[in-house]
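[1] just need the structure, nothing else, for what follows:
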Amino acid sequence: MTRYCYKFFISFLVVALLQAATVSRSVALTVGEERELGEQLLFQIRLAFPLLDDPDISQYINELGEEVLDVAGIQYFDYHFYIVNSTQFNAFAAPSGLVFFYSGLIEQMKQENELVAVLAHEIGHVVSRHIAKGMDQGTKVGIATTLLAVAGLALGAGALSQALFAGSLAAGQAISLSFSRQHEEEADMLAYGWMKKMGRNPEGEEEMLRTMRRITRYSMGNIPQYLLTHPHPESRLDYVQSLLAFDEKELSTFEKTDNFSFLRMKYRILSQIKDGKVLRNLLLNMLSDESRSQEDKVMLQYGLSQLDRMENNYDSSRQHLRKVIAHYPNRSILLVDLGLVEMEDGNKEQALKLIRSAYDRDRNDMWATFQLARIWLELGNIDQAEKYLQEVESSMPLYSKVYFELGKLRAAKGENGAASYYLGKYYLYEGRLKLAKQSIHAALNDPGLDEDLRQDIEKIEKTIKRLQKKD
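    Now for the predicted structure:
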């Protein structure tokens, strides 16, 4: 955790405690209050934690979430799934359908069904409203102090996290964010049933619980936050294993899950967050393991390609990627990855050819769409770039970087008001409200601003003011 994040949480602690003196409720959160809390929490977490939200990563994790929600039934909330750049072994479901996974948790996973199991488990807590029900009905419950407690959960183990929890209690917030054994079994049971409905083998749930048990045994007293808030892995493992034994015959007919998309995401993330030398040694050691499947070895080549690209070793990155493409010729997203290598190596026309080919194969691939827009910007074709950026904006309206690119594009056109507007949206979705307010103010001061755009800007201004009142 950076010094900046510590400063943020200390400031947040003071603000939340002050709010707690004036904002209170006599019962647990209503659905409406939970939505309000979730909106505020998302902006706070965006400010304090780096999110790994490139379109391919975000699209993948949210599509997995939608798979679960399709079998989970009607929901109170619109769910959003995020990956946080943190080495912690942690994940948590926040109020109103926000679900966060830490990269340290994903690093421990070997297959997609493990991720689906945790994802479904967290959705199970939201569906059952375990957080809202975890509040003591006999005490005053404030949105600000609930947010404070959840912020401590997000931060994880450490002195500051403990201070946040202590602050929430001092403010009158008797909330338990450590789920009971009953709550854990309820969420496990829901996850197990949903995975079966999805045609996914719930053995992924068993594997994740084995990992949790192993980490618990070897944590040497420094237990990760996820195991503090999601306790009892030993008894939960026994419970899930009994379900698997009962369903053994049925589960033997389930098809094996394709792990390409999961392994691609995992190695994309690891190449961004881990020390290059450490990761390279890890990947090469795994590649030399004869017991590994062909699928695993091919995707280890993918991991090496991403690491090489990050280190500007473009020839080596190409070689590794071409081996992966030879094994997965129909995975168009690999053409985007190869196009990025060409773009960063200065071969813009070759990059355009590859990425446009991927886009033509799958018009819903926002990774291809976003990179196609960037290529056109590099080539100076502003109109083409704008077309594709608007597609990304329409499909992924919470993706902050698309607004940064749109801001650059409008600035290149000399449309300063519109450029300030998009920069304001970029700052808003990065959680940087003061900078967002400044940019929106600059946009409104442009006398040549289009009237329809002015109305949109005024709506954003109201959103910023509302959020700052809670801040």
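
[2] what are the contacting residues of the longest helix anywhere in the chain?
    Across the chain, the helix with the greatest residue count (assigned by DSSP state H) is helix 451-470. Residues from elsewhere that reach helix 451-470 (C-beta atoms under 8 Å, 6 or more residues apart in numbering): 19, 39-40, 43, 143-144, 417-418, 421, 424-425, 428, 433, 436-437, 440-441, 443-444, 449. Every residue, glycine included, has its C-beta placed from N, CA and C.

[3] which ChimeraX command selects the buried ones in those?
    Buried subset of the contacts of helix 451-470, written as a ChimeraX selection, criterion 16 or more other C-beta atoms under 10 Å:
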select :19,39,40,43,143,144,417,418,421,424,425,428,433,436,437,440,443,444,449
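
[4] what's the spacing between the longest helix of the chain and its chain's center?
    26 Å (C-alpha atoms, centre = their mean, to the nearest Å).

[5] just the buried positions in it, please.
    457, 460, 461, 463, 464, 467, 470.

[6] which residue is nearest the centroid of this protein?
    In the chain, the residue lying closest to the centroid (C-alpha atoms, centre = their mean) is residue 82, at 1.6 Å.

[7] next SSE downstream of the strand or helix carrying it?
    Applying DSSP states H and E as the criterion places residue 82 in strand 80-84. Using DSSP H and E, the helix or strand that follows strand 80-84 towards the C-terminus is strand 91-94.

[8] summarise which helices and strands the helix or strand following that following strand is packed against.
    Going down the chain from strand 91-94, the next helix or strand is strand 98-102, by DSSP H and E. Judged by 3 or more C-beta pairs under 8 Å, 6 or more residues apart in numbering; DSSP states H and E, the packing partners of strand 98-102 are helix 31-48, strand 80-84, strand 91-94, helix 112-127.

[9] now residue 199, what are its backbone angles?
    Dihedral angles of residue 199 (phi, psi; degrees, to the nearest 10) stand at phi 80, psi 20.

[10] that one: neighbouring residues, count only.
    Neighbour count for residue 199, taken as other C-beta atoms under 10 Å: 12.

[11] how much space separates the nearest residue to it once chain neighbours are set aside from residue 243?
    Once flanking residues are discounted, residue 199 sits nearest to residue 254: 6.2 Å by C-beta to C-beta, 6 or more residues apart in numbering. Distance, residue 254 to residue 243, using C-beta to C-beta, to the nearest Å: 14 Å.

[12] now residue 441
    Residue 441 is 57 Å from residue 243, by C-beta to C-beta.

[13] on that earlier part again, any idea of the angle the strand holding residue 82 forms with strand 98-102?
    20 degrees (axes from the mean of the first three to the mean of the last three C-alpha atoms, to 10 degrees).

[14] what average pLDDT does strand 80-84 get?
    The average pLDDT for strand 80-84 rounds to 91.

[15] which elements pack onto it?
    Checking 3+ C-beta pairs under 8 Å, 6+ apart, strand 80-84 ends up next to helix 31-48, helix 55-72, strand 98-102, helix 103-107.

[16] contacts for the third one, please.
    With contacts defined as C-beta under 8 Å, 6+ apart, strand 98-102 is touched by 38, 41-42, 45, 61, 65, 79-84, 86-94, 115, 118-119, 122-123, 126, 154, 226.

[17] if any of those are buried, give me the PyMOL selection for them.
    Here is the PyMOL command that picks out the buried ones among these, judged by 16+ other C-beta under 10 Å:
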select buried, resi 38+41+42+45+61+65+79+80+81+82+83+84+86+88+89+90+91+92+93+94+115+118+119+122+123+126+154+226
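
[18] generate JSON lines for the helices and strands packed on strand 98-102, with distance to residue 352 as supplementary columns.
    As requested, the helices and strands packed on strand 98-102 are exported to JSON lines (distance: least, C-beta to C-beta, whole Å):
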{"stretch": "helix 31-48", "distance to residue 352": "32"}
{"stretch": "strand 80-84", "distance to residue 352": "29"}
{"stretch": "strand 91-94", "distance to residue 352": "38"}
{"stretch": "helix 112-127", "distance to residue 352": "32"}
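
[19] these: which one's closest to residue 204?
    Closest approach to residue 204 among the helices and strands packed on strand 98-102 (C-beta to C-beta): helix 112-127, 2.7 Å.
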